[in-house]
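*Asks:* sequence below, structure please.
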Amino acid sequence: AAGSASCSINLTGPKGDNPGSIAARSGVGYSSTPAAINFDALGQPRDAAGTALGTQTIQVAGAANSITVETGTGYVHE
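*Replies:* Model prediction:
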């Protein structure tokens, strides 16, 4: 349901599987450990408890650009 933080069906992963979650490959480090991000039915970022998250910035150690997940829309960009 739109706005619900719970869902019993995982999205299909990039390889057509149903991984439940996607993580960085071995050897990837972060400048600071990012929070786990879930998305509700509207694509809005939520934490594991279903609470709305503010804008999240993920910085991979040694990379020049960061990854940003926007509040309210879930838009992911550099």
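*Asks:* quick check: the residue of the chain positioned farthest from its centre vs residue 29, distance?
*Replies:* No residue in the chain sits farther from the centre than residue 62, which is 20.4 Å out by C-alpha atoms, centre = their mean. Residue 62 sits 8 Å away from residue 29, going by C-beta to C-beta, to the nearest Å. Backbone N, C-alpha and C define where each C-beta goes, glycine included.
*Asks:* ok, now residue 78?
*Replies:* From residue 78 to residue 29 the distance is 19 Å (C-beta to C-beta).
*Asks:* what about these two, which has more around it?
*Replies:* residue 29 (11 against 8; other C-beta atoms under 10 Å).
*Asks:* leaving out chain neighbours, which residue sits closest to that one?
*Replies:* Spatial nearest neighbour of residue 29, chain neighbours left out: residue 61 (4.1 Å); criterion: C-beta to C-beta, 6 or more residues apart in numbering.
*Asks:* what's in contact with the lowest-mean-pLDDT helix or strand in the chain?
*Replies:* Across the helices and strands of the chain, the lowest-confidence element by mean pLDDT, DSSP states H and E is strand 38-39, at a mean of 86. By C-beta atoms under 8 Å, 6 or more residues apart in numbering, the residues outside strand 38-39 that reach it are 5, 45-48, 50, 74.
*Asks:* how about the contacts made by the most centrally placed residue in the chain?
*Replies:* By C-alpha atoms, centre = their mean, the chain has its centre lying nearest to residue 37, at 3.7 Å. Taking C-beta under 8 Å, 6+ apart, we find residue 37 in contact with 45-47, 53, 56, 69.
*Asks:* among those, the buried ones, what's the PyMOL command?
*Replies:* Provided next is the PyMOL selection string for whichever of the contacts of residue 37 are buried by 16 or more other C-beta atoms under 10 Å:
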select buried, resi 45+46+53+56+69
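*Asks:* just the ones of the contacts of residue 37 in strands?
*Replies:* 45-46, 56, 69 (DSSP state E).
*Asks:* ok, residue 43 - contacts?
*Replies:* 73-74.
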